[in-house]
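A.B. asks: the sequence and its predicted three-dimensional model are supplied below.
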Amino acid sequence: MTESTAPAPRSVLVTGGNRGIGRAIAEAFLAQGDKVAVTSRSGGGPEGALQLTCDITVPEQVEAAYAEIEAAQGPVEVLVANAGITKDTLVLRMSEDDWSDVIDTNLTASFRLAKRAAKGMLRLRRGRIVFISSVVGLLGNPGQVNYAASKAGLVGMARSLARELGSRSITANVVAPGFVETEMTDVLTEEQRTAISDRVPLGRYAQPDEVAAAVTWLAGDGAAYVTGAVIPVDGGLGMGH
């Protein structure tokens, strides 16, 4: 591809882009030549990204982050809502705060981010929204009632947005990873890791860049006619759901 025909870099926002899956996604967009902003509560991110400290559960901080992104790299054309938390415990021990904190971060904040991004996308008459869900949102998991509910909610949100925004060439999709090699899974014992991988038809954990590849595909020209979809990156763990 010659320089004259190279696609113009897009303005991309990845939340939770300082580590793990989010960082891999941000790095993949940067490798494509896109302009990438990442947010996290603690700051940081890959080299070359606009690194912003933002608590996505605070509306004022989200608005301030969008204003800074728009000033630096233009309206957000690709939103990847990746940031999320867990507060796992059995339902009878789950407090109101355990429930609300996870729902606020994983689901409500994703609504807030998508709503704000849609303003610019509607004016541009194009855009890509990708929510990072989880196989747990499709299968359920003991001790994760709050997390599973929040991740399942992203599917309904994406499909509603797909119907609402599709006439303006804005797509909304979901990527549902299974078990991924990250800092969160590094703390598991070898016995726990083996028990998990034995449930996966491919017999291994995913690498963060394998999740990133699905995200960049959904945001690329090859997926222009894909919207309202749930793309599993789970080694076959959740097949049929």
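C.D. replies: Okay, I see it. Everything quoted here is computed from the prediction, not taken from an experiment.
A.B. asks: any idea how far residue 201 is from residue 123?
C.D. replies: 44 Å (Cβ to Cβ, to the nearest Å). C-beta coordinates here come from the backbone N, C-alpha and C atoms, glycine included.
A.B. asks: typo on my end, it should be residue 88
C.D. replies: Distance, residue 88 to residue 201, using Cβ to Cβ: 25 Å.
A.B. asks: same drill for these two, tell me which one is more crowded.
C.D. replies: More crowded of residue 88 and residue 201, by other Cβ atoms under 10 Å: residue 88, with 14 against 9.
A.B. asks: who touches that one in this structure?
C.D. replies: Residues near residue 88 by Cβ atoms under 8 Å, 6 or more residues apart in numbering: 143, 144, 147.
A.B. asks: in this structure, where's the longest strand?
C.D. replies: strand 170-177 (DSSP state E).
A.B. asks: for that one, give the mean pLDDT please.
C.D. replies: Mean pLDDT, computed over strand 170-177, is 98.
A.B. asks: other SSEs contacting it?
C.D. replies: Using 3 or more Cβ pairs under 8 Å, 6 or more residues apart in numbering; DSSP states H and E, the elements in contact with strand 170-177 are helix 109-124, strand 127-132, helix 145-165, helix 208-218, strand 230-233.
A.B. asks: at 6 Å what do you get?
C.D. replies: strand 127-132, helix 145-165, helix 208-218, strand 230-233 (3 or more Cβ pairs under 6 Å, 6 or more residues apart in numbering; DSSP states H and E).
A.B. asks: so can I have a markdown table of those showing mean neighbour count, mean pLDDT and distance to residue 65?
C.D. replies: Formatted as a markdown table, those follow (neighbours: other Cβ atoms under 10 Å; pLDDT from 0 to 100; distance: least, Cβ to Cβ, whole Å):
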| stretch | mean neighbour count | mean pLDDT | distance to residue 65 |
| --- | --- | --- | --- |
| strand 127-132 | 27 | 98 | 16 |
| helix 145-165 | 19 | 98 | 20 |
| helix 208-218 | 21 | 98 | 20 |
| strand 230-233 | 20 | 96 | 26 |
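A.B. asks: nearest to residue 102, of the ones you listed?
C.D. replies: helix 145-165 (4.1 Å; Cβ to Cβ).
A.B. asks: got the contact list for the closest one?
C.D. replies: For helix 145-165, the external contacting residues (Cβ atoms under 6 Å, 6 or more residues apart in numbering) are 86, 91, 99, 102-103, 106-107, 131, 133-134, 136-137, 140-141, 172, 174, 227-228, 230.
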